[in-house]
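In: Give me coordinates for this.
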Amino acid sequence: MSMQPANVYQRISSSGMVFDRKLPINKEAEKALQRNRVLLGLIEEEMELSFRSQNCLKDAGIKLIGQLVQKSASELLDLKNFGRTSLREIEKNLSEIGLTLEMKLDFYPWNGNGNGAEFIQIFSFQRPGGGFLIDNRAAEKLGIDFKELNQPVSKKKLSILHTKYLLDKLQLKFEQDIPYLTSLLRPHRKGWEKELG
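Out: The predicted model follows:
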């Protein structure tokens, strides 16, 4: 009779995802769910990268861990101001969370099936610490009319309005395809509900 470790341990991330609790190793569905949550996490919240590396990725539109792990080392090295030091830093951070570069993500929403690309694009508008903020050009590309939301208010209030709108859109449009969506959006929803009273 072979002995398997009873539990694996995972770390807590700053985005509110719980990883430092015991997870039975034989629960494949639970492991897949955790992996999917990590892949949809913001790089700057989930990884400890230098300011330079973060800016290079952000300027290239690489904001989510799932976007990063699909890149090759040569694709990253082609980014402006991105060098070998940044590459080593990213590879080290990814290995610490059990990921690598050049991963093939052949599951929804990463595989390009259905409206997965739209979901990833919307989810990449997350702001560190919670909430969403989208610019007019991106809204137009997604077919989102923000005219009534873009009022002359503070950036914080604007972010709350955008967050509420995008959370409702995500929930209505993607909940069936992504059963763990509610738990992913919970921290964002708490933030705007608290602000709006």
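In: How about residues contacting stretch 96-109?
Out: Residues outside stretch 96-109 that contact it (CB atoms under 8 Å, 6 or more residues apart in numbering): 11, 36, 38-39, 46-47, 65-66, 68-73, 76, 90-91, 94, 111, 114-117, 119-120, 174, 177-178. Heads up, the C-betas are built off the backbone N, CA and C, glycines and all.
In: Quick check: which ranges of the chain have low pLDDT?
Out: 1-26, 146-153, 191-197 (pLDDT under 70).
In: Give me the domain ranges for this structure.
Out: 1-105, 116-196 (automatic domain parsing).
In: how about these in TSV, adding mean neighbour count?
Out: Below are the domains of the chain laid out as TSV (neighbours: other CB atoms under 10 Å):
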stretch	mean neighbour count
domain 1-105	15
domain 116-196	16
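In: Kindly format the C-alpha coordinates of the helix ranked longest in the chain as PDB.
Out: Longest helix in the chain by number of residues, with DSSP state H as the criterion: helix 155-174. Extracted C-alpha coordinates of helix 155-174, given in PDB (Å, rounded to 0.1, in the frame of the first residue of the first chain):
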ATOM      1  CA  LYS A 155     -11.300  59.000  -9.800                       C
ATOM      2  CA  LYS A 156     -12.400  56.900  -6.700                       C
ATOM      3  CA  LYS A 157     -16.100  57.400  -7.400                       C
ATOM      4  CA  LEU A 158     -15.500  56.700 -11.100                       C
ATOM      5  CA  SER A 159     -13.800  53.500 -10.200                       C
ATOM      6  CA  ILE A 160     -16.800  52.500  -8.000                       C
ATOM      7  CA  LEU A 161     -19.200  53.200 -10.900                       C
ATOM      8  CA  HIS A 162     -17.100  51.200 -13.300                       C
ATOM      9  CA  THR A 163     -16.600  48.400 -10.800                       C
ATOM     10  CA  LYS A 164     -20.400  48.000 -10.200                       C
ATOM     11  CA  TYR A 165     -21.100  48.100 -14.000                       C
ATOM     12  CA  LEU A 166     -18.400  45.600 -14.800                       C
ATOM     13  CA  LEU A 167     -19.200  43.200 -12.000                       C
ATOM     14  CA  ASP A 168     -22.800  43.100 -13.000                       C
ATOM     15  CA  LYS A 169     -21.800  42.500 -16.700                       C
ATOM     16  CA  LEU A 170     -19.300  39.800 -15.700                       C
ATOM     17  CA  GLN A 171     -21.900  38.100 -13.400                       C
ATOM     18  CA  LEU A 172     -24.700  38.200 -16.000                       C
ATOM     19  CA  LYS A 173     -22.600  37.200 -19.000                       C
ATOM     20  CA  PHE A 174     -20.100  34.700 -17.700                       C
END
